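In: make a model of this:
(2 chains)
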Amino acid sequence: MICPTCGAVNEDGVLFCEKCKADLEMPAAGSPPQAPSPMNDPLVPRPDNAPAEEPIPLEPVSDRTPPVSIEPPANADEPPIELEPVDSGAVAETAAGDTAMPAAAEPAAAAALVNPRLEVLRGQRMDAKYPIYPGKNYIGRTDDKPVDIDLDDQEAPDRIWCSRQHAVITFENGALTIEDLNSLNGTFVNRARVHPGQVRELRADDVIQIGTVHMKVVTG
Amino acid sequence: MSAPRLVLERMMHRQSIAVPGESMASYALLKVVPAGEGAAGLPITLALCIDISGSMYWADGTGKSRLDRVREAATAAIAKLKPTDRIALIAFGNGADVVLAPTSASEADKIKDTLARIDTYSVDPSGTTMDEGISEALRTLTSADQAGRLLQVIVLTDGETSGEANCRELARQAWEKQVRFTIMGVGTEWNSGLIKDLAKASDGQWYYIDAEQTDEAMRVFLAEFERLIGLCFVNVKLEVRPVKDVKVKRVRQVAPQIREVALTQVDDRLANAALGTLERTHPTKFILDLSLPRRPDGKYVVAQVEVKYDLPDGQTASTGAVPLEMTYTAAGHGYVNAEVARHIDEVQIYELNANLQQAIASDQPEEVRRVAEQIARKGQVLGPRGAKKTMLANQVLSELQGGGRVSKKTMLAVDDAARSAEDAYAG
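Out: Numbering: from 1, shown residues only, chains lettered A, B, ... in the order given. A predicted model of the protein is given here:
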């Protein structure tokens, strides 16, 4: 693998360049090693439609794999989604977001979400619905610090995998994003890990897994 | 009551890997965990060398001289020593003198009293000859009646020393005689390159004490003495036996502090590394860089690892050989183990810092900015664990923006923070 920053040759799978120590991408499984896509190079300017004041990599140039999902990218492994009309664009984009280019999520293309909420697909209380309000919505277990979405009663008492401050969903300008708050067991969207520090955009029908609880993003 | 022993735990960076090319780099985390109880740490003889040159009387705006702060810190730290431990005091300025020969830690009043008067002996304060201080310390520690004990020199200085080449030579000799160095630098006038070299040459530690913060000397002394009294396992050696076509590329200690460990390739099938003396109180963790060949899907042992060590009573023990296993799945890479990933992130910051220090020293502002930005970003990924590193990298960036130069103080602080592994953060 050639380091996109300094051109040094590194073995595949090396997490950062031996010479300049810049992040390197994990080559995808099943394909020959290839040059990292320019989107992941911090020195390449962002496309024109991106807001200039944002830090350049939308997602920190990650040394961990872009989430290459082994399953088909749509939620095939989840309980069948009810036959409500689904915005086909959103599904297509979810699929794209799941594969090679997580950094390519384009905020401009996302339809504004209305009245978003989380519906529990797996958990101790299947009927629970958690509305998402504008601003930050903290997910976790209320202890010394309160959270907005409390999953305390959703996990079996002997299998508490959810951290106290686990993740935060931000609802701003009609767009939803999720960030992991350095939780012990991680936050997953459509089975791909959201690393701490990474801001992952959420679309309708995305499935979030926190601890043992699965929740679907529902809008409208 | 079970005797103290070491237990080896291991985990791979990825649950499974796919190797599309000829080989793939992978990482394993080894935790060397102390277990058992009973034995106290090894008896230790310390030689504490204190710089009493003129600048040690500066108060740096804290209302107390550097020397007073160091004295208070040393007094508090010495109180932590075991009754079997001994301490010698050496003052150096222009010349050096042993002001207290090795004295049992149980004679606390005598030690305290000498420490209080350390600047009143016949040492001329008009210079800094650290080499003479170190030379006196070595002579004291290597006398015959200190045999069978851990030997440790602690040097505290705040200035550039004369006789640098001599210092390096002494550090090398110290290593041969199994004497470890801890070097503490107060303020920003000391030669950080020299001090790091000395610590490295003797397998020791270095600390940076911010002169403008009243409690820094206390914090550093207590941390170092805590570490020293917990030392229990000596001559610790790691042996890695990779299977055919697997290569062990590197070993780095990642906790309690980050440092590169020298790896000796004995032959294709055995590599070993000297891990030095380990503590009884904390696990010590290491990252192994491996190169794995292509394999059909399935689970394979890629290497056997074993840690051998000596106990305080002189007996040799071993953790037994533990296999490192990796699952191959051509369909895709498995999940990343978050704990291993965090340690590798910290190693990356540590190595970025080395590039940063070099770029600052060679006055390449563009490179400094680029590397500092990478550190800041990486620190952010680490969340609370990386907060200090991010903050300091941003400090570098703002100084660069403001005056075009990075201050020595910030350089030292970044350097100091980069090798620290924050405690595991549990959510």
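In: where does pLDDT dip in the chain?
Out: Picking chain A for this. A:28-111 (pLDDT under 70).
In: oops, chain B please
Out: Across chain B, the ranges flagged by pLDDT under 70 are B:1-2, B:38-40, B:144, B:422-427.
In: what does it put close to chain A?
Out: With CB under 8 Å from any CB of the partner chain as the criterion, chain B meets chain A at residues B:17-21, B:23-27, B:291, B:329-333, B:335-336, B:338, B:341, B:344-345, B:348, B:351-352, B:355, B:371, B:373-374, B:377-378, B:380-385, B:425-427. To be clear about C-beta, it is placed using only N, CA and C from the backbone, and glycine gets the same treatment.
In: which ones among those lie within strands?
Out: Residues of those located in strands (DSSP state E): B:Ile17, B:Ser23, B:Met24, B:Ala25, B:Ser26, B:Tyr27, B:Ser291.
In: how many other residues sit next to the nearest residue to the fourth one once chain neighbours are set aside?
Out: Ranked by CB to CB, 6 or more residues apart in numbering or on different chains and with sequence neighbours excluded, the top spatial neighbour of B:Ala25 is A:Gly13, at 3.9 Å. Counted with other CB atoms under 10 Å in any protein chain shown, the neighbours of A:Gly13 add up to 27.
In: what ranges do the helices span in chain A?
Out: Applying DSSP state H to chain A gives helices spanning A:88-98.
In: number of residues surrounding the residue of it found nearest chain B?
Out: As assessed by CB to the nearest CB, chain B sits closest to A:Ser163 within chain A, at 2.8 Å. The burial metric for A:Ser163, expressed as a neighbour count using other CB under 10 Å, is 25.
In: sorry, back to before: tell me the two of the ones in strands among the residues of chain B next to chain A that are most distant?
Out: B:Ser23 and B:Tyr27 (13.9 Å; CB to CB).
In: and these two? which has more neighbours close in?
Out: B:Tyr27 (25 against 17).
In: who are the contact partners of the residue lying closest to that one once chain neighbours are set aside?
Out: The spatially closest residue to B:Tyr27, leaving aside those adjacent along the chain, is B:His13, at 3.9 Å (CB to CB, 6+ apart). Contact analysis of B:His13 by CB atoms under 8 Å, 6 or more residues apart in numbering or on different chains lists B:Ser26, B:Tyr27, B:Ala28, B:Leu29, B:Val336, B:Asn337, B:Val340, B:Ala341, B:Ile344.
In: rerun that using 6 Å as the cut-off
Out: Residues near B:His13 by CB atoms under 6 Å, 6 or more residues apart in numbering or on different chains: B:Tyr27, B:Asn337, B:Val340.
In: what about the second one, distance to chain A?
Out: The one in question is B:Asn337. B:Asn337 sits 10 Å away from chain A, going by CB to the nearest CB, to the nearest Å.
In: list the contacts of that residue.
Out: B:Asn337 neighbours (CB under 6 Å, 6+ apart): B:Met11, B:His13.
In: now do it against B:Lys389, distance only.
Out: 22 Å (CB to CB, to the nearest Å).
In: need the longest strand for chain A.
Out: Longest strand in chain A by number of residues (criterion: DSSP E): strand A:165-172.
In: partner strands of it, parallel or antiparallel?
Out: strand A:135-140 (antiparallel), strand A:175-180 (antiparallel) (DSSP bridges).
In: any chance of the ones you listed in TSV, plus mean neighbour count?
Out: TSV is the format used below for the strands paired with strand A:165-172 (neighbours: other CB atoms under 10 Å in any protein chain shown):
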stretch	mean neighbour count
strand A:135-140	20
strand A:175-180	21
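In: which stretch among these comes nearest B:Met56?
Out: For these, the distance to B:Met56 is smallest for strand A:175-180, at 47.9 Å, taking CB to CB.
In: using PDB, list the CA coordinates for the closest one.
Out: What follows is strand A:175-180, C-alpha atoms only, in PDB (Å, rounded to 0.1, in the frame of the first residue of the first chain):
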ATOM      1  CA  ALA A 175     -30.600  16.200   9.300                       C
ATOM      2  CA  LEU A 176     -29.800  13.500  11.900                       C
ATOM      3  CA  THR A 177     -26.300  12.500  12.900                       C
ATOM      4  CA  ILE A 178     -25.100  10.100  15.500                       C
ATOM      5  CA  GLU A 179     -21.800  10.000  17.400                       C
ATOM      6  CA  ASP A 180     -20.400   7.400  19.700                       C
END
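In: pull the residues that contact that strand.
Out: Under the criterion CB under 6 Å, 6+ apart, residues A:107, A:110, A:113, A:116, A:167-170, A:187, A:194, A:196, A:199-202 lie in contact with strand A:175-180.
In: please apply the same query to stretch B:188-198.
Out: Contacts for stretch B:188-198 (CB under 6 Å, 6+ apart): B:157, B:159-160, B:164, B:167, B:171, B:181, B:183, B:185, B:206, B:408-409, B:412.
In: which residues touch the residue of the stretch 151-300 of chain B found nearest chain A?
Out: Per CB to the nearest CB, B:Ser291 is where the stretch 151-300 of chain B lies closest to chain A, at 6.0 Å. By CB under 6 Å, 6+ apart, B:Ser291 lies in contact with B:Ser23, B:Ala25, B:Lys247, B:Lys249.
In: top of these by number of neighbours, please.
Out: Highest neighbour count within those, by other CB under 10 Å: B:Ala25, with 22 neighbours.
In: ok, that residue to B:Ser126 distance?
Out: Plainly put, B:Ala25 is 55 Å away from B:Ser126 if you go by CB to CB.
In: got phi/psi on the closest residue to B:Ser291 other than its chain neighbours?
Out: Among residues not flanking B:Ser291 along the chain, B:Lys247 sits closest, at 4.1 Å (CB to CB, 6+ apart). Phi and psi for B:Lys247, reported as degrees, to the nearest 10, are phi -120, psi 140.
In: A:Lys216 versus B:Lys247, what's the distance?
Out: 45 Å.
In: out of the contacts of B:Ser291, the closest to B:Lys64 would be?
Out: Once CB to CB is applied, the member of the contacts of B:Ser291 that ends up nearest B:Lys64 is B:Lys249, at 48.6 Å.
In: where's that closest one, which helix or strand?
Out: Element membership of B:Lys249 [criterion: DSSP states H and E] is strand B:247-255.
In: direction included, what does that strand pair up with?
Out: strand B:259-261 (antiparallel), strand B:284-293 (antiparallel).
In: tell me which helix or strand comes right after the last one.
Out: Which is strand B:284-293. Per DSSP H and E, strand B:284-293 leads on to strand B:298-310 as the next helix or strand towards the C-terminus.
In: so what's the gap between stretch B:32-43 and the chain middle?
Out: In terms of CA atoms, centre = their mean, to the nearest Å, the centre of stretch B:32-43 is found 20 Å from the chain centre.
In: okay, and the beta partners of residue 180?
Out: With no chain named, the answer covers chain A. Taking DSSP bridges, one obtains A:Ala167 as the residues bridged to A:Asp180.
In: please refer instead to chain B.
Out: With DSSP bridges applied, B:Arg180 shows beta-bridge pairing to B:Gln152.
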